[in-house]
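K.L.:
structure for this input, please:
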Amino acid sequence: MSDPTIVIFDACVIYPERLRSLLMYLASSGLFKAKWSDEIHFEWIRNLLANRPDLSRNQLEKIREQMNLYSQDSLVTEYDYLIPQLFLPDPDDRHVLAAAIQGQAGHIVTFNTRDFPDDVLKVHDIIAMHPDRFIFEQFHTVPSLVLQAIKIHRNSYKRPPLLVEDYLAPLERSGLAQTVSLIRKYGDLV
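P.N.:
Predicted structure coming up:
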């Protein structure tokens, strides 16, 4: 089996708890290698703290630490030198592309695919992909691994245990309509 694809998670896909957690479970199955940067961490943590006063910085820093421990080389560093030479519709997204280049990623998983134009990414052999499409394509590559990761993820929610529909509802609200529709077809396996 060839090495798994390297994927950079943009802050917007780490922000929703259920999606972040699902992506981490999928990565731990070996389907792909997930990476991010401190700047990406800073962005999702800042936005969650601004929008969710019930969460503390300490709680989110623990999640950040757990993500970084997931793999010794998941944290991309030393990419700042690339930023000035990158041109994107939103200059604030250049750090994500720079981390993807430095991390040798094949994909950037983001809700904001328009912020990463194909013509710019093509030069670096990178594809920006909506998380719904990304997970859907992972399913069609190795359905058994995806279903197994989803089952393990759903079963990790023990207080209270989640019925399949209760598990899927936040994913659907996060914009994963295609993925949720597919998972519903295999509800007895997850």
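
K.L.:
tell me where the model's unsure across this structure.
P.N.:
For the chain, residues meeting the criterion pLDDT under 70 lie at 1-2.

K.L.:
so which residues of it form helices?
P.N.:
Counting by DSSP state H, the chain has helices at residues 11-14, 17-28, 38-51, 57-69, 94-102, 118-122, 131-141, 143-155, 164-173, 177-185.

K.L.:
for residue 78, which of those helices is the nearest?
P.N.:
helix 94-102 (6.4 Å; CB to CB). (Each C-beta comes from the backbone N, C-alpha and C, glycine too.)

K.L.:
tell me which residues in that closest one are buried?
P.N.:
94, 95, 96, 97, 98, 99, 100, 101, 102 (16 or more other CB atoms under 10 Å).

K.L.:
okay, the angle between that helix and helix 38-51?
P.N.:
Orientation check (axes from the mean of the first three to the mean of the last three CA atoms, to 10 degrees): helix 94-102 against helix 38-51 gives 140 degrees.

K.L.:
who touches helix 94-102?
P.N.:
8, 10-11, 35-37, 39-40, 76-80, 82-83, 86-88, 105, 108, 110, 116, 120-121, 124, 126 (CB atoms under 8 Å, 6 or more residues apart in numbering).

K.L.:
give me the number of residues near the residue lying closest to residue 172 once chain neighbours are set aside?
P.N.:
Leaving aside its sequence neighbours, residue 172 sits nearest to residue 180 (CB to CB, 6 or more residues apart in numbering; 4.4 Å). Here the number of neighbours of residue 180 (other CB atoms under 10 Å) works out to 20.
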